[in-house]
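K.L.:
let's see this in three dimensions:
(one chain, ligands or ions: 1)
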Amino acid sequence: SRRLLMHVGPVTIDNDVLSAGLVNNAGFASPEFVEAMKYALNGFLYTVKSGNYMPFILPGSGTLAMESMTSFLKPNDSVLIISNGVFGDRWKNIFSRYNLNIDYLKAPPGRAVSLNEIENIKKHYRMAVMTHVETSTGVRFDVKSAAGILRNISDIIVADGVASISGENMEADKWDVDVVFTASQKALGAPPGAALLAISPEAVSELNDVSLSGFYNNLYAWKDIMTSILDNKSAYYTTPPVHIVFSLARAFELIKKEGIDERIKRHYIVAESIRSGIDGLGLEIVAGDDYKSNTVTAVMIDNPSEFISGLYSKNIEIASGVVPELKDRYVRIGHMGWLNINDAAATVSAMERVLHEMKYNISPGQGLKRMQEFLFNNN
Ligand code: PMP
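P.N.:
As a prediction, the model looks like this:
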């Protein structure tokens, strides 16, 4: 049976994108690969609306992009971490392995750190990091406003867009965010295997070979590789994820064809469709009203593993909860990439039947009705 991956990553992949990766015997020095890589690099800049930034595609996942931020840091530098959950906390897990001075702001589950709290900071930092959409709770953070405040207290501003980019508006250049990044398996809707970064010209000019980074994640070294490829010349540092890059190039072709703003709007409509259904079913959404994202919805539920396996038996795969405070009391639905409102309807319909099987008091169509009401008024 056809499966629907309503997960937080990897996500449902468009067949065109998946099959674009089935390239017969192309090596990393082939003109085809260099062309696809260059296309994907530029496609990423289009997606984050920052044509003058420097794009990077690295073999690895989102965490590699996070750890590569050590390329901007030296021993004893001060960094500010703004954490709204598990993936915000990952910054702390990473940076605490290095000789750095860490300050850490943390929001309770379902909320984001308040901008007031950031405004009150008097200290200066080498780097400030934040998470655009916190995947553990589906909370969206106001990166634009935060960056405006952080500019006064931090040299380099970083936003983790792993669970947001191409599903949420991200204007790195206009918002004055120096580094944004994502991973191939999220809203870009390609297989896992590549980390994508866009870095401001000012921040790129500060990269040098004396930093806390290791070898593999050293952006100073990777810069030359990307420069070469943007100049249509192959280059080697470590083996690139060749077939993933072919898939990514196809994904960016589709993203340009749809238009980034249209794509973001589609994500919003799908997200709100699912959330209307969830409201209709009487379930509680973890993210507060001001924080709901286009890409991830976390939902409170009494027996998450029964709910997840019930949906799985109906060919819909969702994700379990990961926030320690809420563990075993909620699930996460990812709605990223190539999904449309038919997929949202299938998800709400299956949720309804699973809840019925779980002996919730649900009448047929209770969630779907609310979803249709939303769509009647918004399409
Ligand atoms: N940041 C965020 C916001 C994420 O959602 C994830 C992955 N769930 C990561 C970082 C880490 O990315 P990866 O699992 O690809 O290493």
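
K.L.:
from now on I want contacts and neighbour counts done on CA atoms only, so please keep to that.
P.N.:
Noted.

K.L.:
okay, buried residues for stretch 303-318 please.
P.N.:
Neighbour counts over stretch 303-318 (16 or more other CA atoms under 10 Å) mark 304-305, 307-308, 310-312, 314-318 as buried.

K.L.:
go through those and flag which are in strands.
P.N.:
316-317 (DSSP state E).

K.L.:
the buried residues of stretch 303-318: which two are farthest apart?
P.N.:
Using CA to CA, the pair of the buried residues of stretch 303-318 lying farthest apart is P304 and N315, separated by 16.5 Å.

K.L.:
quick revisit: switch the buried residues of stretch 303-318 over to CSV; also include distance to the ligand.
P.N.:
Shown next, in CSV, are those (distance: CA to the nearest ligand atom, whole Å):
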residue, distance to the ligand
P304, 19
S305, 19
F307, 21
I308, 18
G310, 23
L311, 21
Y312, 20
K314, 24
N315, 22
I316, 19
E317, 15
I318, 13
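
K.L.:
ok, the buried residues of stretch 303-318 vs A163, which is closest?
P.N.:
For the buried residues of stretch 303-318, the nearest to A163 is I318 (15.0 Å; CA to CA).

K.L.:
for the closest one, give me its contacts.
P.N.:
If a contact means CA atoms under 8 Å, 6 or more residues apart in numbering, then I318 has 5-8, 308, 311-312, 331-334 as its contacts.

K.L.:
how about 6 Å then?
P.N.:
6-7, 333 (CA atoms under 6 Å, 6 or more residues apart in numbering).

K.L.:
on that earlier part again, okay, the buried residues of stretch 303-318 in a markdown table with pLDDT next?
P.N.:
A markdown table is the format used below for those (pLDDT from 0 to 100):
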| residue | pLDDT |
| --- | --- |
| P304 | 98 |
| S305 | 97 |
| F307 | 98 |
| I308 | 98 |
| G310 | 98 |
| L311 | 98 |
| Y312 | 98 |
| K314 | 97 |
| N315 | 97 |
| I316 | 98 |
| E317 | 98 |
| I318 | 98 |
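
K.L.:
Y360: which of the buried residues of stretch 303-318 is nearest?
P.N.:
Looking across these and measuring by CA to CA, the closest to Y360 is F307, at 11.2 Å.

K.L.:
what about the closest residue to that closest one other than its chain neighbours, distance to K327?
P.N.:
Leaving out its chain neighbours, the residue that sits closest to F307 by CA to CA, 6 or more residues apart in numbering is V354, at 6.6 Å. For V354, the distance to K327 (CA to CA, to the nearest Å) stands at 20 Å.
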